[in-house]
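Undergrad: Got a sequence here, can you build the structure:
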Amino acid sequence: MQGHLALVLHAHLPYVRHPEHPKMLEENWLFEAVVETYIPLIQTMDGWLRDGMNTRLTISLSPTLCSMLLDPLLQTRFERHLEGLIELTEKELLRTHWDKELRPLAEMYHQRFVSARETYFAYGKNLVGAFRKFQEQGKLEIITTAATHGFLPLMANSPQSIRAQILVARDHYRSCFGCDPKGIWLPECAYVEGVENFLQEANIRYFIIDTHGILHAHPRPRYGVFAPVFTPNGIAAFGRDLESARQVWSRQEGYPGDPTYRDFYRDVGFDLDYDYVKPHLPSEQRSFTGIKYHRITGREEKLTYHRDAALEIAAHHAQHFLQARMAQAQNLANIMGRPPLILSPYDAELFGHWWYEGIEFLNYFMRKAHYDQDVVHLTTPNDYLRRYPTQQVASPSASSWGEEGYWRVWLNETNEWIYPHLHVAQERMTQLAQQFPTATGLTERALKQAARELLLAQASDWPFILRTGTSPDYARKRVKDHLLRFISLYGQLTSTQIDEAYLSRIEAMDNIFPDVNYHYWG
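TA: Here you go, the predicted structure:
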């Protein structure tokens with residue numbers, strides 16, 4: 001082998017759970033990702049396991065995502081969602097019966113949804129357990145991220161909050177996978193000096209950051225991003241490879257933009273008669289169903305999607321990606337005098353959800369890498385560190401993988417109002433943890449709920465959504481709701497008395513991390 005390749009998928013969604021509403025559009029974020037990304041990925045890995053393939057893949061499963069996947073209410077609602085899709089495709093089979101182009105697509109969607117239902121129930125509705133199975137069989141490395149994906153650099157003035165985000169995530173990982181995480185995906189690949197101290201406390205061995213976080217390290221890394229560096233306290237930092245990222249992410253050059261692939265935005269939820277699709281929509285307004293009959297095509301009129309042609313292109317792109325990594329590894333090995341590590345991290349939801357053929361691309365790539373070459377060795381960051389335990393020591397640079405490589409996406413004119421309130425809440429949470437070192441009963445319940453509300457308010461998803469403008473009213477409401485609940489609990493704990501009815505109500509709504517340790521803020 002002339003080089004090592006580590007594919008890392010980051011699976012994260014914000015905690016969206018609304019028992020107070022029978023239907024909630026934002027819960028569909030989870031349902032779409034389960035149908036189009038998580039279940040197809042599990043089915044694909046089952047195929048690798050069945051065929052005896054020696055595959056290695058890394059995936060970060062965020063604590064909020066795992067909590068939603070394991071939540072009985074959301075599991076029930078997902079079943080309802082999936083049954084609705086199956087019913088809609090059955091109607092589509094009748095509607096498109098004489099349409100030679102659309103009928104095969106309606107059959108494909110029907111088969112995929114039925115297959116998803118079979119896989120979901122075969123794993124007892126426990127997709128977290130499905131991923132755990134692959135890790136225990138040595139085919140997958142699961143890492144974590146911060147508890148609610150809080151943007152850690154903007155908590156630098158409250159290091160107790162950084163500590164809590166990391167240690168709560170560590171504890172939650174233990175409850176899901178029966179062991180401690182070896183690595184962590186820093187939310188938004190955002191690093192600021194000092195984070196590694198809390199990673200060391202959590203016994204996390206490595207973290208993943210963006211390219212320039214490594215390239216601008218001090219001293220400059222001898223091998224660039226093609227080998228990790230150890231921070232002064234011994235935690236390894238892995239940097240993102242830009243060339244492999246560009247081939248997938250780039251708007252101009254990226255594979256998902258091929259005109260043969262399925263178009264994401266053209267959906268029957270918007271195209272067909274409202275009364276026809278209304279019973280199968282996730283809310284009382286037009287929205288995506290996941291049934292899409294057109295390909296990207298270009299700016300002209302959208303043409304009908306042809307599944308076989310799209311899969312042929314996906315296989316071609318997988319071959320191209322493999323050959324590019326082989327050539328990259330060979331060139332780097334000659335320059336470096338040692339096998340390079342190419343680390344390629346992506347959002348997991350890109351594959352299958354945004355890029356419909358992305359799961360098939362991964363499948364083709366893994367099979368080609370396993371059977372057709374011996375140049376690059378598929379690995380994981382932890383496997384690599386076991387093989388190469390000695391690396392250069394350097395201090396990474398502050399960075400993120402967002403716009404302009406810094407923190408602009410999460411701190412700008414659209415969302416700056418959040419942070420003064422968060423700063424006060426963080427200080428008050430530390431005050432509470434110090435004021436009540438041995439709380440029990442109702443007081444302990446209130447302290448735990450205050451911790452949950454603060455963690456949920458800190459999620460990086462809310463400022464991101466405010467910046468992009470996709471669902472700004474929802475994001476604004478979520479931040480305000482969690483902060484107001486925290487303020488109310490703080491007041492009850494310090495000035496008045498705890499309202500058990502109120503506490504029970506918000507415990508039922510925001511029930512994430514049932515065993516959260518509020519002492520972490522102390």
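Undergrad: I'd assumed Ala130 was in a helix, is it?
TA: Yes: judged by DSSP: H, G, I helix; E, B strand; the rest coil, Ala130 forms part of a helix.
Undergrad: Settle this for me: it is touching Tyr120, isn't it.
TA: No: using Cβ atoms under 8 Å, Ala130 makes no contact with Tyr120, being 9.4 Å away. C-beta here means a position set from N, CA and C on the backbone, and glycine is covered the same way.
Undergrad: Could I get the CA-only coordinates of the strand of greatest length in the chain as CSV?
TA: The longest strand of the chain (DSSP state E) is strand 3-11. Extracted C-alpha coordinates of strand 3-11, given in CSV (Å, rounded to 0.1, in the frame of the first residue of the first chain):
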residue,chain,number,x,y,z
GLY,A,3,-1.2,5.5,1.1
HIS,A,4,-4.1,5.4,3.5
LEU,A,5,-7.6,6.8,2.9
ALA,A,6,-10.1,7.6,5.7
LEU,A,7,-13.6,8.3,4.7
VAL,A,8,-15.5,10.1,7.5
LEU,A,9,-19.2,10.8,7.4
HIS,A,10,-20.8,13.3,9.9
ALA,A,11,-24.3,12.3,10.8
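Undergrad: List the contacts of Val8.
TA: Residues in contact with Val8 (Cβ atoms under 8 Å, 6 or more residues apart in numbering) are 58-60, 143, 185, 208, 343-346, 381.
Undergrad: rewinding a little: just checking, next helix/strand downstream of the longest strand of the chain?
TA: Next helix or strand after strand 3-11 toward the C-terminus (DSSP states H and E): helix 28-33.
Undergrad: And the average pLDDT for that next one is what?
TA: Average pLDDT, helix 28-33: 96.
Undergrad: Ok, stretch 105-121 next?
TA: Rounded mean pLDDT across stretch 105-121 is 98.
Undergrad: For the longest strand of the chain, which strands pair with it and how are they oriented?
TA: Its sheet considered, strand 3-11 pairs with strand 57-61 (parallel), strand 341-347 (parallel), strand 376-378 (parallel) by DSSP bridges.
Undergrad: List the contacts of the shortest one.
TA: The one in question is strand 376-378. Among residues not part of strand 376-378, those counted as contacts by Cβ under 8 Å, 6+ apart are 1-7, 54-57, 322, 325-326, 329, 339, 342, 366, 369-370.
Undergrad: Now a ChimeraX select for only the buried ones of these.
TA: For the buried members of the contacts of strand 376-378, the matching ChimeraX selection, counting by 16 or more other Cβ atoms under 10 Å, is:
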select :2,3,4,5,6,7,55,56,57,322,325,326,329,339,342,366,369
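Undergrad: one step back: just the strands paired with strand 3-11: most buried one?
TA: Most buried of the strands paired with strand 3-11, by mean neighbour count (mean count of other Cβ atoms under 10 Å): strand 57-61, with a mean of 25.
Undergrad: C-terminal to that strand, what's the next element?
TA: Counting by DSSP H and E, what follows strand 57-61 is helix 63-70.
Undergrad: I'd guessed Phe321 sits against Phe365; true?
TA: Yes: using Cβ under 8 Å, Phe321 is in contact with Phe365, at 5.9 Å.
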